[in-house]
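S.K.: Let's see this in three dimensions:
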Amino acid sequence: MTTLVIAEHNNQTLQAATLNTVAAAQQVGGDVHVLVTGLNAQAVAQQAAQIAGVAKVLHADDACLENALAENLAAQVLKISSDYSHIFFPATANGKNTAPRVAAKLDVAQVSEITKVVSADTFERPIYAGNAIATVQSADAVKVVTVRSTAFDPAATGSAAVAVESVAAVQDSGKSKFVGRELTKSDRPELTAAKVIVSGGRALGSAEKFNEVLVPLADKLNAALGASRAAVDAGYAPNDLQVGQTGKIVAPELYIAVGISGAIQHLAGMKDSKVIVAINKDPEAPIFSVADYALVADLFTAVPELVNAL
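M.R.: Take a look at the predicted model:
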């Protein structure tokens, strides 16, 4: 029984979600192999080879794999899939794009966004916006699984490097092409990897107030900025800051929710945070049901006072 983990990277650096996925794969039992696909991604393969618990790294290098186009990446995974009982993807945009293609080609049912490995064929995953947990047992010969990275502590790195084996790359399918990528540059930590997040909701009232109130607090704490769906829909913050079921799933050490009522959609994306602080003037706000520390106060008074006190 061997599990294949599909590495997430940018051809230079291994992304943190890969470490969480490896940790989940280790709980299945048996060996864990990591597949690194890309162009000139030898450095990534060497980083993967130093993850604790990884038995082997497979490296496929070709221009058609540079941008993780789902058609080509899926074909690469399928080429070696017969050697594996489990294929694990991080539940990232790339993973969610590629895993269903692999599962469909293998004629198996994908198990999505697992949060716990019960046994080699049984997993837990959230349903109904995280309000219930389903235990899913798969009888398929190959288990294709996506892993919610916030549910697993990352595997350790810095171990003695294991073997990196080159595998032949597939040919370009020709079904899609990479056009371009626009990256948002920020001095702040990336939202899904931040240890501290300050999030704002619709109660802030405007984009100007969102920045005026939250940015000084985030600066003091070296925190990432987040937002509720309501705040994003109202134009207070860009889409890439949205936390929630339809946004980003986060689990920082500290999550500060400012002016967020706590709709189910939002709670599904942040309730696994280690410590949750909620500031809201409504004592009946649902956010207080998951908060470790609750402050019933006017955010326009409380947050500046908090900044001054830090």
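
S.K.: all contacts plus neighbour counts: C-alpha atoms, from now on.
M.R.: Noted.

S.K.: can you list the domains in this structure?
M.R.: Domain assignment for the chain, taken from the TED database, gives 2-166, 196-309.

S.K.: From what I see, residue 194 and residue 223 are in contact.
M.R.: Yes: between residue 194 and residue 223 there is a contact under Cα atoms under 8 Å: 6.8 Å.

S.K.: tell me the contacts of residue 205?
M.R.: residue 236 (Cα atoms under 8 Å, 6 or more residues apart in numbering).

S.K.: picking that back up, so between residue 194 and residue 223, which is more surrounded?
M.R.: Comparing residue 194 with residue 223 by other Cα atoms under 10 Å, the one with more neighbours is residue 223, at 24 against 19.

S.K.: check contacts around the more buried one.
M.R.: 188, 189, 194, 195, 196, 197, 198.

S.K.: Residue 23 now?
M.R.: 152, 153, 154, 155.

S.K.: From residue 8, how far out is it?
M.R.: 14 Å (Cα to Cα, to the nearest Å).

S.K.: same thing with residue 249?
M.R.: Using Cα to Cα, which is the criterion applied here, residue 249 is 17 Å from residue 8.

S.K.: Can you check my assumption that residue 187 lies in a helix?
M.R.: No: the assignment for residue 187 (DSSP: H, G, I helix; E, B strand; the rest coil) gives coil, which keeps it out of a helix.

S.K.: Residue 177 is nearest to which of the domains of the chain?
M.R.: Proximity to residue 177, assessed across those by Cα to Cα, is greatest for domain 2-166 (7.5 Å).

S.K.: gap between the two ends of that closest one?
M.R.: Span of domain 2-166 from end to end, Cα to Cα: 18 Å.

S.K.: what do you get for stretch 114-133?
M.R.: First residue to last in stretch 114-133 (Cα to Cα) measures 10 Å.

S.K.: again with stretch 59-71
M.R.: Stretch 59-71 end-to-end distance (Cα to Cα) = 18 Å.

S.K.: Give me the contacts around that stretch.
M.R.: With Cα under 8 Å, 6+ apart, stretch 59-71 has contacts from 11, 35-42, 45, 72-73, 94, 97-98, 101, 164-169, 171-173, 175-178.

S.K.: what about burial for these, which qualify?
M.R.: The neighbour-count test (16 or more other Cα atoms under 10 Å) marks 11, 35-39, 41-42, 45, 72-73, 94, 97-98, 101, 164, 167, 169, 172 as buried among the contacts of stretch 59-71.

S.K.: and these, which of them are in helices?
M.R.: In this view, the buried ones among the contacts of stretch 59-71 that belong to helices under DSSP state H are 42, 45, 72, 73, 94, 97, 98, 101.

S.K.: if we can go back for a sec, out of the contacts of residue 223, which is most surrounded?
M.R.: residue 197 (30 neighbours).

S.K.: ok, the closest residue to residue 110 other than its chain neighbours - contacts?
M.R.: Spatial nearest neighbour of residue 110, excluding adjacent residues (Cα to Cα, 6 or more residues apart in numbering): residue 144 at 5.1 Å. The contact partners of residue 144, by Cα under 8 Å, 6+ apart, come to 86, 87, 88, 89, 99, 102, 103, 108, 109, 110, 111.

S.K.: hmm, try it at 7 Å
M.R.: 86, 87, 88, 99, 103, 110, 111 (Cα atoms under 7 Å, 6 or more residues apart in numbering).

S.K.: same deal with residue 191?
M.R.: Residue 191 neighbours (Cα under 7 Å, 6+ apart): residue 224.

S.K.: Isn't residue 203 up against residue 261?
M.R.: No: counting by Cα atoms under 7 Å, residue 203 stays clear of residue 261, with 8.5 Å between them.

S.K.: Mind checking which of these two has more residues around it?
M.R.: Neighbours were tallied for residue 203 and for residue 261 using other Cα under 10 Å; the higher tally belongs to residue 261 (26 against 19).
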